[in-house]
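Asks: How does the following fold in three dimensions:
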Amino acid sequence: MNLARTMEETSSATSGTGPDRASRRLGGFSPTYLRLEVRRMLRNRRTMILTLVMPPVFFLVFGTAAGYRTQSVGHGNVTAYIAVSMAVYAAMLATTSGGAMVSVERAAGWSRQLRLTPLRPAAYVVTKLLTAMILGLLAVGVVLAVAAVEHAQMPLHVWMECALLAWLGSLVFAAFGLFMGYLLPAENVMQVLGPVLALLAFAGGLFVPLDDGSLFAEISKFTPMNGLASLTRAPLTGDGVTWAAVANVVVWAAVFGVGSAWRFRRDTARV
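Replies: Numbers count the residues shown, from 1 in each chain. Reported below is the predicted structural model:
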């Protein structure tokens, strides 16, 4: 019932009527449509628990040992290092889940309905990515807020830089979730993505640090999580930002973004 009502409201938002007529010039992109998408996402209790509760709980379980508060890592302590890792994990979960919600719309035939509106594939993808990024921002904020209470220590500018990098870099996984939402059926999307995200988290060294020079560490450099994890930790550890990490994030974001637009075109072409 809620999805049906949202569909009706969204159809009006993207039809070019009233104050949203100007959205035609933006390929159908509408702030009203974006607001409706965010509201629908925030009403999904399962998604809220997965993205806003689980990562802080993991941090409390693994990152709050008394000894971690006094052990130094770069410009902070070990508690801060684990907090940054869990913030990246939270951003990955949130943005992937937000993007993958498109599978529900596909099952309801909503993507075909959008073909009848002025909404273009690029505008649709942008709206979905922005919605996922809003959820990612909330997830990062919750983890770091809990970390601050639990004595994670970093200079203020490091807090801000790590949070910003974790959030902006998670655009990769917003596109990934959207892409997977088009490839997988609604009833299986999160069952498949759950183990995949866990493997990517291990590959990025979010749960267990990777040994430099090991075969697994070398392979992980080509996975989507590795570049984001390296970039986000750089302000804390003091390690320089490498072009390999930047290229990793940019290339994977482009791959998943292009893939999402391609799948959207194929879906809506079958009206």
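Asks: After the helix or strand containing Met160, heading C-terminal, what element do we hit next?
Replies: In this assignment (DSSP states H and E), Met160 forms part of helix 156-169. Counting by DSSP H and E, the element after helix 156-169 in chain order, helix or strand, is helix 171-183.
Asks: Sort out which residues of that following helix are buried, please.
Replies: Judged by neighbour count using 16 or more other Cβ atoms under 10 Å, the buried positions of helix 171-183 are 171-182. C-betas here are computed from N, CA, C, even on glycine.
Asks: and it, average pLDDT?
Replies: Across helix 171-183, pLDDT averages out at 88.
Asks: For it, name the packing helices and strands.
Replies: Counting contacts by 3 or more Cβ pairs under 8 Å, 6 or more residues apart in numbering; DSSP states H and E, helix 171-183 is packed against helix 78-100, helix 102-107, helix 121-149, helix 189-203, helix 224-237, helix 243-268.
Asks: winner for burial among these?
Replies: Comparing the helices and strands packed on helix 171-183 by mean neighbour count (mean count of other Cβ atoms under 10 Å), helix 78-100 ranks first with a mean of 29.
Asks: For that helix, what is the distance to the chain centroid?
Replies: Distance of helix 78-100 from its chain centroid, counting by Cα atoms, centre = their mean, to the nearest Å, is 8 Å.
Asks: tilt between that helix and helix 171-183?
Replies: For helix 78-100 against helix 171-183, the angle by axes from the mean of the first three to the mean of the last three Cα atoms, to 10 degrees is 30 degrees.
Asks: Which elements pack onto helix 78-100?
Replies: Applying 3+ Cβ pairs under 8 Å, 6+ apart, one finds that helix 78-100 contacts helix 45-52, helix 54-62, strand 72-73, helix 121-149, helix 156-169, helix 171-183, helix 189-203, helix 224-237.
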